[in-house]
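1. give me a 3D structure for the following:
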Amino acid sequence: MLVDSHAHLDNARYADDRAAMLTRAFDAGIGTVLAIGIGEQALGMDGALAVCREFNPRAAAGERFPRLYASAGVYPHNTGEIDEAVLARLDSLLAEPEVIACGEVGIDYYHEGAARETQLDGLRKQLEIAAARKRPILIHCRDSSDGRGDGADGKMDAWDDLFLVLDEHWRTTGLGGVMHCFGAGWEQARRSLDLGFLISFAGNLTYPKAQPLRDVAARIPLDALLVETDAPWLAPAPDRGKRNEPAFVARTAEVLAGLKGVSSEEIAATTTKNFRRLFGLGPDVGNC
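-> Predicted structure coming up:
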């Protein structure tokens, strides 16, 4: 079964049909979903954990839901809200058994919802907590030029700043992480792999104009790949612009399988193995 390595299950767009949406995912062959805990504000990063604790017992009782894990972190736009209370909340959440990752954290210079130095400082503070809790990180990175799928000249300011921070504050932890919804060029992918990160592709891999991104995906080793939805956003073709959901990750996996010249079953098995390896999860049980 597939793993959707990044979905915002606590999003309000699922308020009316969250259980039905999870059942559709299970019926589509999605065995595990990592629910992303960033919330609308920094102190609301516990929403993903709440979804896990609502649905995992029901799955254990026999209802058709994927196994859920959670993350917690402060999104780049909300880093201006970071204070001691927010950092304490993050630390406590990362101690919970279902919370297997810190994220999504990182840098966004395209929308720049917070000043650049604020974003960088917030990232450093969160990396310190994640390292102490031994949790891999989920990285969001968007360049000011929105050069997603380009970056051929290697000059992408958000990515350059990100790698400076990761080289100084994360490389030595050996914990690695995920480059979520990857959309840059081969140079950024190569540097991510060098840092021990897995590279995750979302529905934008399927868009007609995304050939440069598909060219990058074709070069990523199988043992470094993940797939995701980033639901409720980035629905794959032909549903671009509609509400996304974890069941749709199978479409992205099919495109990735074609690029790698393997079967959809092999992509499912390999990306599941990669996910379990990164987060230290067994085939049937994990941190909870």
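
2. contacts only, for the nearest residue to residue 171 once chain neighbours are set aside.
-> Spatially, and ignoring its direct neighbours in sequence, residue 171 is nearest to residue 195 (5.8 Å; C-beta to C-beta, 6 or more residues apart in numbering). Any C-beta I mention is one placed from the backbone N, CA and C, and that applies to glycine too. Listed by C-beta atoms under 8 Å, 6 or more residues apart in numbering, the contact set of residue 195 reads 163, 166-167, 170-171, 176.

3. can you rerun that using 10 Å?
-> The contact partners of residue 195, by C-beta atoms under 10 Å, 6 or more residues apart in numbering, come to 139, 163, 166-167, 170-171, 176-177, 179.

4. with residue 199 instead?
-> Counting by C-beta under 10 Å, 6+ apart, residue 199 has contacts 178-182, 184, 188-189, 192-193, 216-217, 220-221, 224-226, 274.

5. so how do I select the buried members of those in ChimeraX?
-> Remark: buried members of those, expressed as a ChimeraX selection using 16 or more other C-beta atoms under 10 Å:
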select :178,179,180,181,182,184,188,189,192,193,216,217,220,224,225,226,274
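
6. now stretch 195-206: buried residues?
-> 195-206.

7. what is the end-to-end distance of it?
-> 27 Å (C-alpha to C-alpha, to the nearest Å).

8. also stretch 94-112?
-> Rule used - C-alpha to C-alpha; the end-to-end distance of stretch 94-112 is 26 Å.

9. thinking again about what came up before, next step: the contacts of residue 199 restricted to helices.
-> Members of the contacts of residue 199 lying in helices (criterion: DSSP state H): 188-189, 192-193, 216-217, 274.

10. so which of the contacts of residue 195 sit within strands?
-> Among the contacts of residue 195, DSSP state E puts 139, 177, 179 in strands.

11. any idea how far the second one is from residue 158?
-> Put plainly, it is residue 177. From residue 177 across to residue 158, the span is 16 Å (C-beta to C-beta, to the nearest Å).

12. what of the first one?
-> From residue 139 across to residue 158, the span is 11 Å (C-beta to C-beta).

13. which residues are in contact with each of those two?
-> Residues touching both residue 139 and residue 158 (C-beta under 10 Å, 6+ apart) are 106-107.

14. please, where are all the helices along the stretch 151-288 of the chain?
-> 157-169, 186-194, 211-219, 249-260, 264-279 (DSSP state H, counting those that start in this stretch).

15. from the chain's centre, how far out does the first one sit?
-> The chain centre lies 18 Å from the centre of helix 157-169; the measure is C-alpha atoms, centre = their mean, to the nearest Å.

16. what angle separates it from helix 186-194?
-> 20 degrees (axes from the mean of the first three to the mean of the last three C-alpha atoms, to 10 degrees).

17. try the last one
-> With the same axes, to 10 degrees as the basis, helix 264-279 and helix 186-194 are set at 60 degrees to each other.

18. now, which of the ones in helices among the contacts of residue 199 sits nearest residue 27?
-> Comparing the ones in helices among the contacts of residue 199 against residue 27 with C-beta to C-beta places residue 274 closest, at 23.6 Å.

19. which residues touch that closest one?
-> 3, 5, 178, 198-200, 221-227.

20. of the residues you listed, which belong to strands?
-> Short answer: the contacts of residue 274 in strands (DSSP E) are 3, 5, 178, 198-200, 225-227.

21. touching, residue 140 and residue 181? I think so.
-> Yes - checked against C-beta atoms under 10 Å, the pair residue 140 and residue 181 is within contact range at 7.3 Å.

22. now do the shared contacts for these two.
-> Residues touching both residue 140 and residue 181 (C-beta under 10 Å, 6+ apart): 6, 104, 230.

23. just the angle between the longest helix seen in the chain and helix 157-169, please?
-> In the chain, taking DSSP H as the definition, the longest helix is helix 116-133. Computed by the same axes, to 10 degrees, the angle separating helix 116-133 from helix 157-169 equals 40 degrees.
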